[in-house]
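Peer 1: My questions concern the predicted model and sequence given below.
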Amino acid sequence: MRPGIALISLLVCLLAGIGITVSGVPAKAATTERVVVNRFTGVAIEGFDPVAYFVDGQAVQGTAEFETNLWGAVWRFRNEGNRASFQAHPEVYGPQYGGYDPADIARGVTIAGNPRFFAIVAQRLYLFSREANRDAFAADPERFLYEVGKRWPALQDQLSQ
């Protein structure tokens, strides 16, 4: 092996080990799987404005003119005010569980929510894969959220692998 290649190999090995030795646990790769995005564009929730659900009470398409990047995803908004609100409080306006359907999470699977099927419960946005899931959730959100609370941590870990 040539000396230059040996040095590069040593550096790669050393850098790979930093994630383990610095924190004491293996480093996890940054992923966008924890937020539902278009795999080609990186746009979250099909480009719908997450703040509009609260302000307008409906799904409103955002535009490329008003974008921000957060959590490994591109978020679109219909105006500057909505973008600023999201940037100030993404934990409030972002869809819960990264946009995955909480009714499906309660069953132990991760299925992307459809931004057209949504509910706001306790000032939080939830997206659903099907209208029937949204209706079932709306009838008894506490039951679903209890089940989601038990299953989401393990499912979230699986999304990052």
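Peer 2: Yep, it's here. Predicted model only: the values in this text are computed from it and were never measured.

Peer 1: show me where this protein has helices.
Peer 2: Ranges of helices within the chain are 3-23, 52-55, 80-88, 90-93, 102-107, 131-139, 141-159, based on DSSP state H.

Peer 1: Now for the residue most central in space within the chain: which residues touch it?
Peer 2: Nearest residue to the geometric centre of the chain (C-alpha atoms, centre = their mean): Val35, 2.0 Å. Residues near Val35 by C-beta atoms under 8 Å, 6 or more residues apart in numbering: 44, 71-73, 94, 98-99. Bear in mind the C-beta positions are built from the backbone N, C-alpha and C, glycine included.

Peer 1: coming back round to it: turn the helices of the chain into CSV, including distance to Phe118.
Peer 2: Conversion of the helices of the chain to CSV gives the following (distance: least, C-beta to C-beta, whole Å):
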stretch, distance to Phe118
helix 3-23, 37
helix 52-55, 6
helix 80-88, 16
helix 90-93, 12
helix 102-107, 11
helix 131-139, 7
helix 141-159, 13
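
Peer 1: For Gln87, which residues are in contact?
Peer 2: With contact set as C-beta under 8 Å, 6+ apart, Gln87 has these partners: 68, 70.

Peer 1: and what of Tyr100?
Peer 2: 36, 110-113, 127, 155.

Peer 1: Inside strands: which ones of these?
Peer 2: If you go by DSSP state E, the contacts of Tyr100 have Leu127 in strands.

Peer 1: what's the farthest-apart pair in the contacts of Tyr100?
Peer 2: Spatially, the most separated pair among these is Leu127 and Leu155, at 15.4 Å (C-beta to C-beta).

Peer 1: that older thread, just the buried members of the contacts of Val35?
Peer 2: 44, 73, 94, 98-99 (16 or more other C-beta atoms under 10 Å).

Peer 1: can you list the domain ranges for the protein.
Peer 2: Taking automatic domain parsing as the reference, the chain has its domains at 1-29, 45-159.

Peer 1: Could you save the ones you listed as CSV and add columns showing mean pLDDT?
Peer 2: CSV is the format used below for the domains of the chain (pLDDT from 0 to 100):
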stretch, mean pLDDT
domain 1-29, 36
domain 45-159, 96
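
Peer 1: and those domains, which is most packed in?
Peer 2: domain 45-159 (a mean of 17; mean count of other C-beta atoms under 10 Å).

Peer 1: mind checking the end-to-end distance for that domain?
Peer 2: Domain 45-159 stretches 17 Å from its first residue to its last (C-alpha to C-alpha, to the nearest Å).
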